[in-house]
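S.K.: have a look at this prediction, sequence included:
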Amino acid sequence: IREKPSEESLRMIEGRKARNLIVRVLDVVEVAAGAILIATDGEQILRVQLPFKEVKPGDHLLVKEAIRESRRGKIRLLCGEEDVEEVEPEEEIKPPSRLVKLAEISSGRKTELVDVIVEGVLYTKTRLMRVRTRFGEVEKVGFWIRDGEAAVQGSAWRAKAEEIARIREGARVRLKWVSVRMNVFGEPEIQLDNESIIEVLDGSGQEASSGSGK
């Protein structure tokens, strides 16, 4: 027989809830059980986890109730099907600026960042390789991205490693919702996970038709 939750545990759950929050969808990452929305309330980047996929970038949503989780600096809102509805806000939410220049990273002025955007030329990359981890063997690609005189190394795993492997060296890319952390050698490294977005840009800085999406 399952015991009833204690008053203390109920208070903890209640304290983790987010209510009546309006967000703007920036990107949509489809997953088997629905979608993970990269969204913003105008100040923070939030991940809204939904059991359905009928959402697109630019939509504004009212999160009526959600469980809020925070892990490694990333905020996630876990929602049920009835917890979210599309709304027309009086004023469109403006996304916060998350673009970080490579020179700021390579100089060490900006490290230990989450959910940032970087742009540059995919200068060089390793071959797609399989690496043994505690979760089994996974694909990995190492690469360098360059903008002017500044260059920063990066790593991509699993599906994102395959995306990077398909992009030609010399292409200009935009990497969205990435982390920047110091690696084991004490050097800043751009890290992509399965919720990062890779876009291939043309010479004007606009997304090209061959760009990598979600």
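M.R.: It's in. Since the structure is predicted, the reported quantities are computational estimates derived from the model, not experimental observations.

S.K.: what distance separates the start and the end of stretch 128-145?
M.R.: Criterion C-alpha to C-alpha, to the nearest Å; first-to-last residue distance in stretch 128-145 is 17 Å.

S.K.: list the contacts of that stretch.
M.R.: Stretch 128-145 is contacted from outside by 102, 118, 120-127, 151-158, 161-162, 164-165, 173, 175, 190, using C-beta atoms under 8 Å, 6 or more residues apart in numbering. To be clear about C-beta, it is placed using only N, CA and C from the backbone, and glycine gets the same treatment.

S.K.: tell me which of these fall in helices.
M.R.: If you go by DSSP state H, those have Leu102, Arg158, Ala161, Glu162, Ile164, Ala165 in helices.

S.K.: helices of the chain, start to end?
M.R.: Using DSSP H, helices in the chain cover 7-15, 102-106, 158-166.

S.K.: how about the last one: buried residues?
M.R.: For helix 158-166, burial by neighbour count (16 or more other C-beta atoms under 10 Å) applies to Lys160, Ala161, Glu163, Ile164, Ala165.

S.K.: who are the packing partners of it?
M.R.: On a contact count with 3 or more C-beta pairs under 8 Å, 6 or more residues apart in numbering; DSSP states H and E, helix 158-166 meets strand 113-125, strand 136-147, strand 197-201.

S.K.: nearest to Val31, of these?
M.R.: Across the helices and strands packed on helix 158-166, Val31 has its closest neighbour in strand 197-201 (13.9 Å, C-beta to C-beta).
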